[in-house]
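> whatever this is, show me its structure:
(2 chains)
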Amino acid sequence: MSWMARGLRGGVLTTRYPLHPDEMPDSYRGAFQSIASANQEQERGAAVCLSGAIFPGADRATIDRARCFQCGQCAREVPEAFQTSPAFELAVVQAGAEAARERLHARSRAFGRSVHLRHVDAGSDGSEEQELAAIFNPFYDANRLGIFLTATPRHADVLIVTGVVTKPMRQPLLRTFEAMPEPKTVVALGTSACSGGIFAGSATVIGPVSSVLPVDVMIPGAPPAPLSILHGLWVALGHVLARETTA
Amino acid sequence: MNSARFHVRLVRKLTDGARLAWIFADRVDGLTLLHYVLDDGELHVLTTPVDGVVPSLTTHAPGADWYEREISERFAVVFDGTAERRPLTRTVSAERLIRHKSAEVSTVLYGPVRSGVIESARWIVETAGEDFIDVYPSMFFKHRGVEERFVGVPIDLAPFVAEHVSGATASSHASAFSRAVENTINLVVPERARATRAVLVELERIHQHLDSLAKLAEDASLSVGAATTFAAKERIHRLLCDATGSRFARGVICVGGTRFDALGRLREICARDLDAAERHARSAIDGLAATQSLLDRLIGTGHLSKATVKEYGGVGPVARGSGIACDVRMREGYLYTPLQGEEAREHNGDAVSRALVRIAEIQRSFQLVRSALDANPQGDHFICFDVADGEAIARVESPQGELLYFVRIDGGKLARVAVRSASYANWPLFVPSLPGNIFTDFSFIEHSFGASQAEVDR
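Numbers count the residues shown, from 1 in each chain, chains lettered A, B, ... in the order given. This is a model prediction of the structure:
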C-alpha cells in the first residue's frame, strides 16, 4: 500500500485549535488551584511541593504556575486545599512584553501570519523536545497556522528555549539570540525553562531562561502538552490574551 | 584486600566473560569508594576504597573509558592514564580538543546547538571531505546535577526527581529508582502495582521506539512516513494522558507501588483506544519496513560487530541489533514474570537491524500490555514501608536498554543516588560505528541509536 493510501485511510486527524476550541481529557493534570482552606492544610501542601510552587496565604494559597511541574502531589495529599483541572492554556506574558507581541503580530501579519521558530535546548529532560516536535504531527499540524521551524537563527522570529539553563549552555544560547534579527521574541517552554523547576537554586545550573535572556512568553508544563504550546505561540503572536501567572 | 589484588580479581572476571555494566563512585565518611558492577547473568557489585592511582580497566573493557573519565573529573580520582584522555564532563574550548591540524583535514564542530528540534550535544568531527577521520563527543552541556538533586529529598517525592533524569522515559526511571529503594529493604510491591508499572513501561517503549523510527524516516525525507509514525506515537500519549493524567505517565510510579490505582482506568481506556493505536502503529511500521528508499539508507549503515558491542558493554536495541541477548526482561521477574520465548534480535549489526529490533519490540510490547491488563491482579496498589539505612542497586529494561540505579540511604534520607542510563552505555559505541560511512549517514546512525542526551548528561 502506498504512503498516500495509508494517509488517506487514516482520515483527518487534525485539531482546529486555536481557531476553534479543543480540550484535554478531564483526567489531565494541567493546572492546580488552591481552594478556601485552613492555613495548616496549605502548609501541608507546600511541604510536599518539590519545586516550591505553593505559597500559603490567609484563606487560600497562591500557586506559581511557572514553578509547578504538575506532579499532582498537593491535590492527592491535601484535597481539602488543592484541586486539579484539565486546563491547558497556561501561557503567561511577561511584564513589558506587550510591545514585543505587537511587533511580532504586525510582522507575522505582513507575511500572511507566517512565523519561524528556532529551538535551543538549554538543559531539558528530553520530553519538551518531543512535545515541541509533536505540534507538527498530523494531530496538531502547526504548519496550517503558518508556524514553521527554521534551522538558522538568521531566519527566526521566535526563539524557543527548553530546559533550565546550564552553565555550558549559557554562551551557545546567547549567541543564538544575538544572531537573530530584530524584532525577536523569546519563549520559555516548560517549567524548568520558566522558573528552573526543581533545579531552581541548584549550584549546578544558572537558572531559568529569564536569568540569561529577556523572556516574553512562558509556557509552563512538565512537559507542556502540544495544545499548550500552540496556545503559547498564539499568545506570543499577539492573537490571544494570556492568563494570569498565579491561581 | 589491596588494590592490586582487587584489580586482578576484576580482570579475571572480565576475561571469564563478565560484562562491565557500570563503574561509579561514592563518598562515605570522607572515603571515596569505587563500585564496579559486573554482569555474568546476575549483577555483582565489587567495591574498593580509592587508594592512590587506580589501575584503568580500559585495556580489558573499552567501555570503562567514560566511567573512569567521569569519575576522575567529578571525584578527583586518578586513573592510570586518564590524564592524557580528553575531558568528558567538562566542556573545554574546542581548540583544546582538536588534535589533528593539517591542510587536508578540516574539523567540524557539530553542536551543541544543531538544526531542528534536538537535544544539545556536540560532536567534533574530523573529516577530509566525506570520510570520517576521527569523531569524538564533547557532551554534558545538559548537566543539571540531577544525582546531587536527589540528596535529602524525602523518599515519597524522590521518584519525581528520577522522572527529571529523562522525562521522555519517566516510567522506566521512576520504576528503576523505586525498585532500588525497595531493594534496600527487600520490599515486594503488590501484584497490582507491578502490573501497572509493566503497562506503563511497555507503553513507554512503544512511544519511544516509534519516535526513533519516525526520526529515521525524517532523515530520509520520507515526510508522509514520518508524519504517520509520529501520529501513531501521539495516540499512545493521548491514551496515557486519558488514563494517568500525564502524556508521559509522570507522577504515577512511587516507592512501594503506584501513587494511585491507575490500572482500572488503564483497562478502561485501553479497551477503548489500544486497538486503534496498534493498528496505526502497525500501518506505520509496515509502511516503513516496505519503503526501499528508507531501507537503502539503513542497510549496512553504522555497522557494529558483535565483538565490538560485547567489548564496550552495549545494551538494548543497539546490542540486540548485533545479535547479543541482553534483555533485562528475560532475566528478572520484577516488572513482569520473566518473558517467555526469544527476545527480538537481529544479526547484521547495522542501522536497519536496530530498527527491526525496535519494530519487533513494539509488537511484543502491545502483547505485554494486553496480558498485564487482562491479568488484572486484584488487591492494593501500594504497600506501606519503613525506610531503613542501606544501599542497593536495581535495573529495568528501559526503551533504550538496561537502566541501572544505585541508592544509598543514610539517617533515613537519600545520601547518594547514581544513574547509569542505557544511552550512556551505548554512546561510546557511536564512534566505532562510523568508519566506512560518509558524512550524510551521520544522522541515520545517530537516530538508530535512539539515545536520550538528557539521561546521559544528567
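> contacts only, for B:D40.
B:D40 sits next to B:K13, B:D16, B:G17, B:A18, B:R19 when contact means CB atoms under 8 Å, 6 or more residues apart in numbering or on different chains. Where you see a C-beta, it was placed from the backbone N, CA and C, and this is true even at glycine.
> how about low-confidence regions in the chain?
Answering for chain A, as no chain was given. A:1, A:96-97, A:107-113, A:240-247 (pLDDT under 70).
> switch to chain B, that's the one I care about
B:1, B:82-83, B:92-103, B:333-339.
> quick one: end-to-end distance for stretch A:132-145.
In stretch A:132-145, first residue to last residue: 15 Å (CA to CA, to the nearest Å).
> would you mind listing the buried residues in that stretch?
Residues of stretch A:132-145 classed as buried: A:L132, A:A133, A:A134, A:I135, A:F136, A:N137, A:P138, A:F139, A:Y140, A:D141, A:A142, A:L145 (neighbour count, 16 or more other CB atoms under 10 Å in any protein chain shown).
> the longest strand in chain A is where?
strand A:115-123 (DSSP state E).
> that strand pairs with which strands?
Using DSSP bridges, strand A:115-123 pairs in its sheet with strand A:147-149 (parallel), strand A:158-163 (parallel).
> my guess is B:I236 meets B:I206, correct?
Yes - contact criterion CB atoms under 8 Å: B:I236 and B:I206 qualify, at 5.5 Å.
> what do these two both touch?
Residues touching both B:I236 and B:I206 (CB under 8 Å, 6+ apart) are B:A281.
> follow-up on the earlier one: contacts for the helix or strand following the longest strand of chain A?
Using DSSP states H and E, the helix or strand that follows strand A:115-123 towards the C-terminus is helix A:127-134. Contacts to helix A:127-134, defined as CB under 8 Å, 6+ apart, come from residues A:119, A:121, A:140, A:160, A:162-163, A:189-190, A:192-193, A:222-226, A:229, B:117-119, B:166-168, B:170, B:211, B:230, B:233-234, B:237, B:247-248.
> check contacts around the residue positioned nearest the centre of chain A.
Nearest to the geometric centre of chain A sits A:I219, at 1.8 Å (CA atoms, centre = their mean). Residues in contact with A:I219, defined by CB under 8 Å, 6+ apart, are A:L90, A:A91, A:V187, A:A188, A:L189, A:G190, A:C194, A:S228, A:I229, A:H231, A:G232.
> for it, give its distance to B:Q367.
37 Å (CB to CB, to the nearest Å).
> number of nearby residues for B:D16?
Neighbour count of B:D16, defined by other CB atoms under 10 Å in any protein chain shown: 9.
> once you drop chain neighbours, what's closest to it?
Leaving aside its sequence neighbours, B:D16 sits nearest to B:D40 (CB to CB, 6 or more residues apart in numbering or on different chains; 7.4 Å).
> now do the one you found against B:A176, distance only.
Applying CB to CB to B:D40 and B:A176 gives a distance of 21 Å.
> kindly report the same for B:D374.
25 Å.
> of these two, which one has the most company?
Just comparing B:D374 and B:A176: by other CB under 10 Å the higher neighbour count belongs to B:A176, 33 against 9.
> in three-state terms, how would the more buried one be classified?
The assignment at B:A176 comes out as helix when based on DSSP: H, G, I helix; E, B strand; the rest coil.
> I'd say it and B:F406 touch.
No - between B:A176 and B:F406 there is no contact under CB under 8 Å: 10.0 Å.
> which outside residues touch the helix or strand containing B:K310?
Taking DSSP H and E as the definition, B:K310 sits inside helix B:306-312. Contacts with helix B:306-312, where a contact means CB under 8 Å, 6+ apart, come from B:19, B:61-63, B:318-319, B:322-324, B:347, B:349, B:428-429, B:432.
> buried residues in it?
B:T308, B:V309, B:K310, B:E311, B:Y312.
> give me the neighbour count for B:D80.
By other CB under 10 Å, the residues close to B:D80 number 14.
> distance of it relative to chain A?
Here the criterion is CB to the nearest CB, to the nearest Å. By it, B:D80 lies 28 Å from chain A.
> can you give me the strands in the chain?
I'll assume chain A. Going by DSSP E, chain A shows strands at A:31-34, A:54-55, A:62-63, A:82-85, A:92-93, A:115-123, A:147-149, A:158-163, A:165-166, A:185-189, A:205-207, A:217-219.
> I was after chain B.
Under DSSP E, chain B gives strands at B:19-28, B:31-39, B:43-49, B:106-110, B:122-127, B:132-138, B:253-254, B:257-258, B:390-398, B:401-410, B:413-420.
> contacting residues for B:L46?
B:F6, B:R9, B:L10, B:K13, B:H35, B:Y36, B:V37, B:L38 are the contacts of B:L46 under CB under 8 Å, 6+ apart.
> up against chain A, what does the stretch 201-350 of chain B have?
B:211, B:222, B:224-225, B:227-228, B:230-231, B:233-234, B:237-238, B:241-248, B:250-251, B:259-260, B:265, B:280, B:283-284, B:287, B:291 (CB under 8 Å from any CB of the partner chain).
> which ones among the residues you listed are found in helices?
In this view, those that belong to helices under DSSP state H are B:211, B:224-225, B:227-228, B:230-231, B:233-234, B:237-238, B:241-244, B:265, B:280, B:283-284, B:287.
> what subset of the residues you listed is buried?
Buried members of those, scored by 16+ other CB under 10 Å, are B:211, B:224-225, B:227-228, B:230-231, B:233-234, B:237-238, B:241-244, B:265, B:280, B:283-284, B:287.
> and the residue of the stretch 151-300 of chain B found nearest chain A, how many residues sit next to it?
Closest contact between the stretch 151-300 of chain B and chain A, by CB to the nearest CB, is at B:G167 (3.1 Å). Neighbouring residues of B:G167 were enumerated by other CB under 10 Å; the total is 27.
> quick check: it vs A:G221, distance?
Taking CB to CB, one finds B:G167 at 11 Å from A:G221.
> any idea how many residues pack against B:N186?
9.
> and it, how far is that from B:L304?
38 Å.
> repeat for B:L288
21 Å.
> try B:V255
For B:V255, the distance to B:L304 equals 37 Å [CB to CB].
> which one of these two is surrounded by more residues?
More crowded of B:V255 and B:L304, by other CB under 10 Å: B:L304, with 28 against 25.
> thinking again about what came up before, I figured the residue of the stretch 151-300 of chain B closest to chain A hits A:G163, correct?
No - B:G167 is beyond contact range of A:G163, at 9.9 Å (criterion: CB under 8 Å).
> need the residues touching each of these two.
In contact with both B:G167 and A:G163: A:S124, A:D125, A:E128, using CB under 8 Å, 6+ apart.
> quick one: the helices in the stretch 351-458 of chain B, in order.
Ranges of helices within the stretch 351-458 of chain B are B:351-375, B:422-426, B:442-449, B:453-457, based on DSSP state H, counting those that start in this stretch.
> in JSON lines: these, plus distance to chain A.
Converted to JSON lines, those look like this (distance: least, CB to the nearest CB, whole Å):
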{"stretch": "helix B:351-375", "distance to chain A": "16"}
{"stretch": "helix B:422-426", "distance to chain A": "9"}
{"stretch": "helix B:442-449", "distance to chain A": "13"}
{"stretch": "helix B:453-457", "distance to chain A": "4"}
